[in-house]
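Colleague: Would you be able to build a 3D model of this:
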Amino acid sequence: MGSGLMATTHEKWKEEIVINNKQENIIKLGVGQIPLRQMCIWLGNRCYNKDLAIKYIKDTYDTDVSNEIIKTKEYSLVFNNDKDIFTYFEERYPPKKVQENTREWFNAYGRRRYQSFYNKFIENDNVIYDELIDFSTISHHVHHILPLEFGGSNSPKNMIGVITPFHKLLHMNPLQHIEKYCYQAIDYLKYLVYWNIRDVWDKYNIDKFEDDMKPKIFEAGLENEMNLFYEKLLKEYNTYGQ
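Modeller: Residues are numbered from 1 along each chain as shown. The predicted structure is shown next:
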């Protein structure tokens, strides 16, 4: 995770954003305060269609953004997929062995099945590639969004490719037994890495370190930011419940 890769990836995303820079419809989502615009680009990159995106945001953030997504014409450029890709994949490519939500089934079949899903729908259909999250060809791990031990499934919908340091950060979540907080953690980590990278870089004075130290300092900064995020999650949960 060198600084060159981080900067290049960030600039690439800034150049390829298809939403214009108007200030309307900037809805903040969740305790991480992720703007709707960035959230929609992230979901579009995962091949969500409009209906899936609206449902995802409603389920994950208890926020109805259907009017904003439907009325804003630029979102049609992001949500250009007419299928529910998860349902389509399950129906078109059923597993050779009946799915079991166990670690053994995942090791034998689930990891390859997620790679097949990724190759068919994520990598081949998108112009913008996630090089640190959900880019399975360089990812060291396939992460269960809701862990198997807390009732998560071995469906591709519940998996995402992550590199090793990010996998650790996601499992630091004190509320990883609750699905919506698992998704919020992924969304916020994504937001830090792609949209707030410069702020993280400056906050921890990473430029003052030698090049060989910068990746480690950046990872440490991300870990601290995720810990602060988890503290907010826990406070919200203790105050308002699920």
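Colleague: what residues are up against residue 97?
Modeller: Residues in contact with residue 97, defined by Cβ atoms under 8 Å, 6 or more residues apart in numbering, are 105, 108, 109. Placement of C-beta: from N, CA and C, glycine included.
Colleague: three-state assignment of the last one?
Modeller: Which is residue 109. Taking DSSP: H, G, I helix; E, B strand; the rest coil as the rule, one finds residue 109 in the helix state.
Colleague: what ranges do the strands span in this protein?
Modeller: In chain order, the chain shows strands spanning 28-29, 34-35, 141-144, 159-162, with DSSP state E as the criterion.
Colleague: Lowest average pLDDT across those?
Modeller: Looking over the strands of the chain, mean pLDDT reaches its minimum on strand 28-29, with a mean of 83.
Colleague: Show me the longest helix that occurs in this protein.
Modeller: Of all the segments assigned as helix in the chain under DSSP state H, the longest by residue count is helix 214-240.
Colleague: Could I get the strands of the chain in CSV, plus columns for distance to residue 176 and mean neighbour count?
Modeller: Shown next, in CSV, are the strands of the chain (distance: least, Cβ to Cβ, whole Å; neighbours: other Cβ atoms under 10 Å):
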stretch, distance to residue 176, mean neighbour count
strand 28-29, 19, 17
strand 34-35, 19, 18
strand 141-144, 10, 21
strand 159-162, 14, 25
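Colleague: Quick one: closest of the ones you listed to residue 93.
Modeller: Using Cβ to Cβ as the criterion, the shortest distance between residue 93 and these is 14.6 Å, found for strand 159-162.
Colleague: Check which helices and strands that closest one is in contact with.
Modeller: strand 141-144 (3 or more Cβ pairs under 8 Å, 6 or more residues apart in numbering; DSSP states H and E).
Colleague: ok, the strand it packs on: who's next to it in the sheet?
Modeller: strand 159-162 (antiparallel) (DSSP bridges).
Colleague: Distance from the chain centre to the partner strand, please.
Modeller: If you compare the mean C-alpha spot of strand 159-162 with that of the full chain, they lie 8 Å apart, counting by Cα atoms, centre = their mean, to the nearest Å.
Colleague: Stretch 234-242 now?
Modeller: Using Cα atoms, centre = their mean, the distance from the centre of stretch 234-242 to the centre of the chain it belongs to is 22 Å.
Colleague: Please identify the buried residues of that stretch?
Modeller: residue 236 (16 or more other Cβ atoms under 10 Å).
Colleague: Contacts made by that stretch with the rest, please.
Modeller: The set of residues that contact stretch 234-242 without belonging to it, under Cβ under 8 Å, 6+ apart, is 31, 174, 175, 178, 180, 181.
Colleague: about what we covered before: which of the strands of the chain sits closest to residue 54?
Modeller: Distance to residue 54, taken as Cβ to Cβ, is lowest for strand 28-29 among the strands of the chain, at 12.4 Å.
Colleague: Name every strand pairing with that closest one and say which way it goes.
Modeller: Assessed with DSSP bridges, strand 28-29 is paired to strand 34-35 (antiparallel).
Colleague: Run the chain-centre distance for the partner strand.
Modeller: A distance of 13 Å separates the C-alpha centroid of strand 34-35 from that of its chain, computed with Cα atoms, centre = their mean.
Colleague: Poorly predicted segments of the chain, please.
Modeller: Across the chain, the stretches falling below the confidence threshold (pLDDT under 70) are 1-26, 123-140, 242.
Colleague: hmm, back to that, for the contacts of stretch 234-242, which one is nearest residue 200?
Modeller: Sorting those by distance to residue 200 puts residue 31 at the head of the list, at 17.3 Å, by Cβ to Cβ.
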